[in-house]
Structure formats: structure tokens, C-alpha cells
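**Student:** Can you look at this prediction? I've put the sequence above it.
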Amino acid sequence: MNAATTTERPTAPAPESGPNTAVRITPAATVQHGALLTWRSLLKIKRNPEEILGLTFMPIMFAGLFVFVFGNSMSDGGWQSYRDFIIPGIAAQSVIFATVGTGVTLNTDIEKGIFDRFRALPVARSAPLIGAILGDMVRYVLTVAMVLIVGFAIGFRPESGLVGLVAATAVVMLFAFGLCWLSAFMGLLLRTPMAVNIFGSIWMFPLTFASSTFVNPENMPSWMSAFATVNPVTHVVDTMRGLLLGGPVAEPLLWTAGWTLVLTAIFFPLATRAYRKRA
């Protein structure tokens with residue numbers, strides 16, 4: 001043959017390109033990933049036991065100061081009466097203040113590059129946040145337990161027994177779960193751990209002090225009483241008092257559940273989106 005002939009090697013077909021080849025993470029896988037990272041968060045307690053000391057020292061200090069320093073002045077029934085009034089409030093306040101630590105820890109982990117490693121793994125994007133928050137919830141249970149131990153030591157006796165103690169703890173944990181998502185969003189939005197701590201404290205103080213935590217809202221000025229009445233912390237504390245000492249529970253419990261739902265519905269997607277942008 002005069003015409004030159006060429007032979008071509010058969011080439012493999014080009015891979016089909018699709019709009020998205022990432023593996024889809026199912027809700028069940030998200031739960032599993034979150035549980036694994038929760039265990040990682042709990043293991044940090046062994047390396048940093050001083051974090052637990054910080055969470056337990058603050059309730060002891062508040063209980064001692066407010067019961068014995070202000071007790072006789074704040075209640076006509078003496079410090080014993082004020083003790084029974086304030087112990088549920090101190091338990092709620094201690095947990096609420098501790099939620100700021102969720103944002104601080106997330107911000108610190110991101111600055112250290114730990115979350116960059118999570119981003120490289122085939123895990124749900126929300127799993128590191130879920131693991132951090134659930135791990136903190138275990139710490140908050142220890143905080144409530146310390147407040148109650150101090151209360152028992154100075155004579156606090158809940159009328160509802162063990163059932164009331166468990167129910168009251170569950171209520172404050174429910175509300176703390178919603179607040180943790182707000183704290184997580186702040187931790188991912190702000191640049192430094194110090195900024196997270198400062199801004200977290202700014203809105204924590206009016207929430208906890210302008211409520212029924214330490215004083216009955218009826219004894220406040222009218223404008224502050226109006227704020228304290230709708231304050232979500234008031235609903236949490238009133239629910240805990242009702243469960244521990246007797247009193248109305250249904251209405252403040254519904255308000256607490258509603259606030260938790262609103263906080264989670266707003267800040268869970270915002271925190272997840274902020275994590276995707278920053279990590």
C-alpha cells in the first residue's frame with residue numbers, strides 16, 4: 001500500500017463529569033460522625049482537667065456569696081429562705097455563662113488548624129460543631145451537679161426528690177443546647193477567642209441578672225420588670241423552681257421549649273454556614 005498507515009492505540013473513555021461528585025452524607029451518618037466527635041470532645045477533659053475546675057469553682061463562689069452575703073438582706077425569711085430561692089437560679093446562671101466557652105473553644109480550635117483536618121475528612125460539615133456542643137453539655141451537667149451539692153451542703157432540700165432534680169437539670173440542658181448554637185456562631189464569626197469571650201459576656205450579664213435568677217421581677221422597676229418577665233432566662237429559672245420546690249411549671253416550660261427551638265432553628269444553620277466559610 002502506498003498510503004501510509006498509522007495505528008492508534010485505543011484510548012479510555014473520558015470520565016463523565018457531573019455537577020457534583022461528592023459523596024452525600026445521610027442524616028444517620030451525620031449522627032454517627034457527631035457522636036464520634038463528641039467522644040473526642042470528652043477526651044479533652046483528661047488533658048485539660050482545669051476546665052472542669054473552672055466550671056465548678058464559679059458555682060461555689062456564687063452560692064456562697066449570694067446566700068451568705070446577701071441572703072438576710074434579700075429575703076424577709078432570712079438566708080435560708082433566700083437559699084431555696086436562689087439555688088435553682090445559680091444552677092441556671094452557671095450553665096448559661098458556661099455556654100460562652102463553646103464559642104471560645106471552637107474559635108481556638110479553628111485558629112490552631114484542627115478544623116482544617118476535619119474539613120479534609122469525609123464527615124458531615126455540621127459534625128464538628130455537634131460534637132463540640134454535645135461534649136460541652138456533659139460538662140454542664142457536672143456544673144449543675146456541683147451547684148446542687150453546694151446547695152445540699154448548706155441545707156437546700158428539693159421537695160420533688162430525685163425526679164425533680166433530673167427534670168430541672170434536663171430543662172436547663174435543653175435551653176443550654178439552643179444557646180450553644182448562638183455561642184458557636186459567635187465563635188465562628190469573631191476573629192479571636194478574647195473577642196468571643198467579651199461579646200459573649202456582654203449579652204450574658206443582662207440576660208442572667210435582669211431576670212428572676214436573683215430577685216423576683218415584681219420587686220424591680222416597671223421597665224426592668226417588663227423585660228425580666230419576657231426574658232428567656234426567667235422562664236428557665238421559673239421552670240426549675242417549679243420542678244424543685246413546687247409551683248407552676250407548664251407555662252414557663254412551654255416558653256423554654258419555644259426559646260430553645262427558635263435559637264436552634266436560627267443559629268444551627270448560621271453556625272454551619274459560618275464554619276464552611278471559615279474552616
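**Tutor:** Received, thanks.
**Student:** Let me see the ranges of the helices in the stretch 1-150 of the chain.
**Tutor:** If DSSP state H, counting those that start in this stretch is used as the criterion, the helices of the stretch 1-150 of the chain fall at 27-47, 50-64, 70-74, 78-98, 100-112, 114-120, 127-153.
**Student:** would you turn those into CSV with mean neighbour count?
**Tutor:** Any C-beta I mention is one placed from the backbone N, CA and C, and that applies to glycine too. Output for these, formatted as CSV (neighbours: other Cβ atoms under 10 Å):
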stretch, mean neighbour count
helix 27-47, 14
helix 50-64, 16
helix 70-74, 16
helix 78-98, 23
helix 100-112, 21
helix 114-120, 14
helix 127-153, 21
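**Student:** Of the ones you listed, which shows the lowest average pLDDT?
**Tutor:** For these, mean pLDDT drops lowest on helix 114-120, to a mean of 69.
**Student:** Just name whatever secondary elements the helix or strand hosting Thr239 is in contact with.
**Tutor:** According to DSSP states H and E, Thr239 maps onto helix 232-245. With contacts taken as 3 or more Cβ pairs under 8 Å, 6 or more residues apart in numbering; DSSP states H and E, helix 232-245 sits against helix 78-98, helix 161-189, helix 193-209, helix 250-278.
**Student:** Name all residues that make contact with the spatially most central residue of the chain.
**Tutor:** Central residue of the chain (Cα atoms, centre = their mean): Cys180, 3.0 Å from the mean position. Contact analysis of Cys180 by Cβ atoms under 8 Å, 6 or more residues apart in numbering lists 99, 102, 133, 136-137.
**Student:** same check, this time on Thr56
**Tutor:** 142-143, 146.
**Student:** Out of these, which comes closest to Ser211?
**Tutor:** Nearest to Ser211 among those: Thr143, at 17.9 Å, using Cβ to Cβ.
**Student:** In contact with that closest one, which residues?
**Tutor:** Going by Cβ under 8 Å, 6+ apart, Thr143 touches 55-56, 59, 91, 94-95, 98.
**Student:** export those residues to CSV and tack on distance to Ala265?
**Tutor:** As requested, the contacts of Thr143 are exported to CSV (distance: Cβ to Cβ, whole Å):
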residue, distance to Ala265
Leu55, 28
Thr56, 32
Pro59, 30
Ala91, 26
Ser94, 26
Val95, 21
Ala98, 22
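**Student:** Closest to Thr256 out of the residues you listed?
**Tutor:** Val95 (12.7 Å).
**Student:** Give me the neighbour count for the residue nearest to Val249 when sequence neighbours are not counted.
**Tutor:** In space, and not counting its chain neighbours, Val249 is closest to Gly242: 3.9 Å by Cβ to Cβ, 6 or more residues apart in numbering. Gly242 is flanked by 22 other residues according to other Cβ atoms under 10 Å.
**Student:** could you point out where the stretch 151-279 of the chain is predicted with low confidence?
**Tutor:** For the stretch 151-279 of the chain, applying pLDDT under 70 flags the ranges 279.
**Student:** Could you rerun that using 80?
**Tutor:** 277-279 (pLDDT under 80).
**Student:** Spit out the contact partners of Asp108.
**Tutor:** Actually, residue 108 is Thr rather than Asp. Per Cβ under 8 Å, 6+ apart, neighbours of Thr108: Pro193.
**Student:** now it: how far from Arg191?
**Tutor:** Using Cβ to Cβ, to the nearest Å, Thr108 is found at 12 Å from Arg191.
**Student:** Kindly report the same for Asp109.
**Tutor:** Distance from Asp109 to Arg191, counting by Cβ to Cβ: 14 Å.
**Student:** related to what we said a few turns ago, from the contacts of Cys180, which single one is nearest Ile25?
**Tutor:** Using Cβ to Cβ, Ile133 comes nearest to Ile25 of the contacts of Cys180, at 18.1 Å.
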